[in-house]
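A.B. asks: generate coordinates for the sequence data below:
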Amino acid sequence: MQTSRIWNRDLIKYIAIIAMLLDHIAWYLLPFASPAAQAFHVVGRITAPVMCFFIAEGYCYTRSVKKYALRLFLFAVASQIPWSLLHQDSSTLSFNMLFSLFFGLLAVHAAATISRPALRLLAVAACIGVTYWCDWHFYAVIWCVLFYVLRTRRKTALAVYAGTVAFYILNSFLWKVYDGQAALQAAVNMAFTFGLFLPVPLLLLYNGQKGHCKGSKWVFYVFYPLHLLAIALIRAHLQSS
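C.D. replies: Predicted structure coming up:
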């Protein structure tokens, strides 16, 4: 058996879920500059792009786009309470990643079904715009559409994705410098973002199969709000003790 054959959808999703858990533990429970937190953040960059990839995959295989979108939306709403608990000290409006994936799915649907180029572009742009307040902002929607449009050319899709990551890193660095950080300090603070390149080799190993675990599609939906709630409760306990 070739090594690549073990990399089905379920396995890659489980890797992404573990990466997300480590990343959120680092953000909310560990000092940012600690070696453990930095390592967890590097690994955690896997999750968002991988989930965007599988939004595009899921759109191609789902029997009902409406049910798919409704499922994403309902779990996004359910996840917002623990997400808000974790961001209650923030001065800016913030919505969780499932909202980003929901609008990513809508953008993919628009790209797939709207025949008029101008109207199609407007619909996708609208989905990008509303994610301004969501986790991963407009990058999640762009990645969902990118992976859908180039779904038959995975190497090309991942090369373009890598280009968006390079832009993201450079843009983030320049904004930090513009806000007054020294260039060296800005580079150190965002070194973990290079973990965004990790999904490239991971997705190149994907064999196109969904796996053999029944009900696996529900794992991420259920785990997402539950792990946020658990981390919020742990942090509240630590802060009160």
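
A.B. asks: quick one, helices of this structure?
C.D. replies: Remark: helices assigned in the chain by DSSP state H are 9-29, 35-44, 47-61, 65-86, 97-113, 117-130, 137-149, 154-178, 183-189, 199-204, 217-240.

A.B. asks: tilt between the second one and helix 9-29?
C.D. replies: This means helix 35-44. 150 degrees (axes from the mean of the first three to the mean of the last three C-alpha atoms, to 10 degrees).

A.B. asks: buried ones in helix 35-44, by neighbour count?
C.D. replies: Across helix 35-44, burial judged by 16 or more other C-beta atoms under 10 Å covers 37-38, 40-44. All C-beta atoms are positioned from the backbone trio N, CA, C, and that covers glycine.

A.B. asks: OK, contacts around the residue nearest the centre of the chain?
C.D. replies: For the chain, the residue nearest the mean C-alpha position is Ala48 (1.7 Å; C-alpha atoms, centre = their mean). Applying C-beta atoms under 8 Å, 6 or more residues apart in numbering to Ala48 gives the contacts 97, 100, 135-136, 139-140, 143.

A.B. asks: now swap in Arg154 and tell me
C.D. replies: Taking C-beta under 8 Å, 6+ apart as the test, what Arg154 contacts is 203-204, 206.

A.B. asks: right, and the helices of the chain - which one's nearest Gly211?
C.D. replies: Across those, Gly211 has its closest neighbour in helix 9-29 (2.9 Å, C-beta to C-beta).

A.B. asks: other SSEs contacting that closest one?
C.D. replies: Contacts defined by 3 or more C-beta pairs under 8 Å, 6 or more residues apart in numbering; DSSP states H and E place helix 9-29 against helix 35-44, helix 47-61, helix 199-204, helix 217-240.

A.B. asks: which residues does it contact?
C.D. replies: 32, 36-38, 40-41, 43-47, 50-51, 54, 57, 86, 202-203, 205-206, 209-213, 216, 219-220, 223-224, 227-228, 231-232, 234-235, 238.

A.B. asks: ok, of those residues, which come out buried?
C.D. replies: Looks like the contacts of helix 9-29 have 37-38, 40-41, 43-47, 50-51, 54, 57, 86, 202-203, 206, 210-211, 216, 220, 224, 227-228, 231-232 buried, using 16+ other C-beta under 10 Å.

A.B. asks: using a markdown table, lay out the helices and strands packed on helix 9-29 together with distance to Ser91.
C.D. replies: Conversion of these to a markdown table gives the following (distance: least, C-beta to C-beta, whole Å):
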| stretch | distance to Ser91 |
| --- | --- |
| helix 35-44 | 23 |
| helix 47-61 | 23 |
| helix 199-204 | 31 |
| helix 217-240 | 19 |
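
A.B. asks: the ones you listed: which one's closest to Leu184?
C.D. replies: With C-beta to C-beta as the yardstick, what comes closest out of the helices and strands packed on helix 9-29 is helix 35-44 (15.9 Å).

A.B. asks: just the C-alpha atoms of the closest one, please, in PDB.
C.D. replies: As requested, the backbone C-alpha atoms of helix 35-44 are provided in PDB (Å, rounded to 0.1, in the frame of the first residue of the first chain):
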ATOM      1  CA  PRO A  35       8.000  28.100  23.200                       C
ATOM      2  CA  ALA A  36       5.000  25.800  23.600                       C
ATOM      3  CA  ALA A  37       2.600  28.500  22.500                       C
ATOM      4  CA  GLN A  38       4.700  29.300  19.400                       C
ATOM      5  CA  ALA A  39       4.900  25.700  18.400                       C
ATOM      6  CA  PHE A  40       1.200  25.200  18.900                       C
ATOM      7  CA  HIS A  41       0.500  28.300  16.800                       C
ATOM      8  CA  VAL A  42       2.700  27.000  13.900                       C
ATOM      9  CA  VAL A  43       0.800  23.700  13.900                       C
ATOM     10  CA  GLY A  44      -2.500  25.500  14.300                       C
END
